[in-house]
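Visitor: sequence isn't available, so here's the structure alone:
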DNA sequence: CGCTACTATTGGTTGAACCAGCCGTCTCTG
DNA sequence: CAGAGACGGCTGGTTCAACCAATAGTAGCG
């Protein structure tokens, strides 16, 4: 295997997918919704019926439905049943990982990712700004350690270690910002990134300038040069994101649809549900 | 009352707080965690005991615990019980509204809000950028309608209508961006804003330049002038946010602590748990 | 024709019982 | 006496069966 002691050390322990019955049913229903098998406004069978369908009892089934509800995928109303929500409108970034996994329309995935990448850049810039202002000595030392580790992993061309190490690097950056707000904003992105590492390893782009970027960035941080840190980050990610989108489109082209045809009922529906052409007024 | 037909029309129907037993217990436990009555790492009583304490049965109690778990406030492990998580580290923006409501330490609320405001600005800028590029004709018409309504409400000095109308304005802006990613990022902010409107009406700052800002912004959007829209937005919010923070500090000074003393065990704990002074290396 | 009362259906709540994972303890063994 | 293993008592996980409560559609009444 390509991962030695260092790799073991840098990979955070990730609990295996929960084996709960309720969690399993939840994931299955979520998949059906995110893939478009169940569409916005559709009504789910009653709890008794669903429980029978999944070969379990009502209480356990209810747990799954509750999870769906809190993920904003369905609306539950006493006496009326469970209806599928328009998750494109009511969802949050926490839906990103499961959506990337379950979406039936690859082009929509690309579309969303194309919007997420610049947003992610903004989050990183925001964290960098905060870190440049508030980082303690210990924070900087930790970041420097991880940076060194990352650079040596890069020299060895070990993608797995690099990807997980970079996740840790981002964690350290956010910690250094000493901002609860940034943490809360960044967490869904970190989670999505982590999911993507394992699911689409090919998407991880090894930019040749990666080590150089890290060195420049940590140097800017250590001198507290906020603007320099932002500048370095922006310059680097514009290049990486372009490469990521190229790679993504290649991957999607190779497997045009991971689901059987006929299941993409609302693939082309926009977030607002209108089908008007995007011509501008003027 | 100060709200006429227009006010009725502009206020979105907001379902009253759920009367579910499970939801009530959930909110109570959440309050205890967010206020610091239950601290990170602490173990909750067993489900049987808790159920008895709340005068309900285990199934209903479990529902409440599940909600806590999905809100990342607790960790549940089979055979080991339920332990309180470090929500400052593991939470997401969805915790913002309940945290603002339940936090025991006003200064921490101010601290977080001080970081959230610029983040909110970034989100608005991001949405504005996207709207300037992708807005349909119908989107712009809708935004113009709401803008007119807002300006007339401003002339009448009707804070309630303005606040709710502005919420609708933000919704329209985000819709105009035609980006699922932006929606997902913005939703927690919108929710927090909505909560704040009703909870702390005094916080809503009526900047004199509000109508002028709206007019400038919509004009920029209609000509598709992305940079101009950003510039206008940034300039306006820098002023508003400063005013908001001033107002917030006034409000907090008036009621230094909304909870009995002795309950703020971890008020001064940072997100990382280290107490090192913020001196810089160099 | 319009209102009311009923009823079927749906989710909400309850209580009890049993299964399954975890941990400290107690005992047996070397 | 020290270590390994069995046991018992926690904990959450699952199941069942019944009843309460909100909703909507329908049948019946005025």
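Guide: Okay, I see it. Predicted model, so just to flag it, every value in this text is computed and none were measured.

Visitor: name the residues of chain A found near DNA strand D, please.
Guide: A:20-22, A:56-60, A:63, A:77-80 (C-beta under 7 Å from any atom of the strand). Quick note: C-beta positions are derived from backbone N, CA and C, even for glycine.

Visitor: would you turn those into CSV with distance to DNA strand C, pLDDT and neighbour count?
Guide: Listed next are these as CSV, based on distance: C-beta to the nearest atom of the strand, whole Å; pLDDT from 0 to 100; neighbours: other C-beta atoms under 10 Å in any protein chain shown:
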residue, distance to DNA strand C, pLDDT, neighbour count
A:20, 11, 88, 15
A:21, 11, 95, 16
A:22, 14, 96, 20
A:56, 13, 97, 17
A:57, 9, 97, 13
A:58, 6, 97, 16
A:59, 6, 97, 14
A:60, 11, 97, 15
A:63, 11, 97, 21
A:77, 6, 96, 9
A:78, 4, 95, 8
A:79, 4, 94, 4
A:80, 6, 95, 9
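
Visitor: of the residues you listed, which belong to helices?
Guide: Secondary structure from DSSP state H places A:21, A:22, A:58, A:59, A:60, A:63 of the residues of chain A next to DNA strand D in helices.

Visitor: how about the residues of chain A next to DNA strand D, which pair is most distant?
Guide: Farthest pair in the residues of chain A next to DNA strand D (C-beta to C-beta) is A:20 and A:79. Separation: 28.1 Å.

Visitor: thinking again about what came up before, could you dump the ones in helices among the residues of chain A next to DNA strand D into CSV with distance to residue A:114 added?
Guide: Below are those laid out as CSV (distance: C-beta to C-beta, whole Å):
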residue, distance to residue A:114
A:21, 37
A:22, 35
A:58, 42
A:59, 42
A:60, 39
A:63, 36
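
Visitor: can you tell me how far the residue positioned nearest the centre of chain A is from residue A:119?
Guide: Most central in chain A under C-alpha atoms, centre = their mean is residue A:192, positioned 1.9 Å from the mean C-alpha point. Applying C-beta to C-beta, to the nearest Å, the value for residue A:192 to residue A:119 is 11 Å.

Visitor: what's the answer for residue A:50, then?
Guide: Residue A:50 is 36 Å from residue A:119, by C-beta to C-beta.

Visitor: cool, residue A:165 as well?
Guide: From residue A:165 to residue A:119 the distance is 23 Å (C-beta to C-beta).

Visitor: compare the two (neighbour count), which wins?
Guide: Set residue A:165 next to residue A:119 and count neighbours by other C-beta atoms under 10 Å in any protein chain shown: residue A:165 wins out with 24 against 21.

Visitor: what pLDDT, on average, does the strand or helix carrying that one get?
Guide: If you go by DSSP states H and E, residue A:165 is part of helix A:159-176. Across helix A:159-176, pLDDT averages out at 93.

Visitor: any part of it near chain B?
Guide: Yes. Under the criterion of C-beta under 8 Å from any C-beta of the partner chain, chain B is reached by helix A:159-176 at residue A:175.

Visitor: find the closest residue to DNA strand D in chain A.
Guide: residue A:79 (2.6 Å; C-beta to the nearest atom of the strand).
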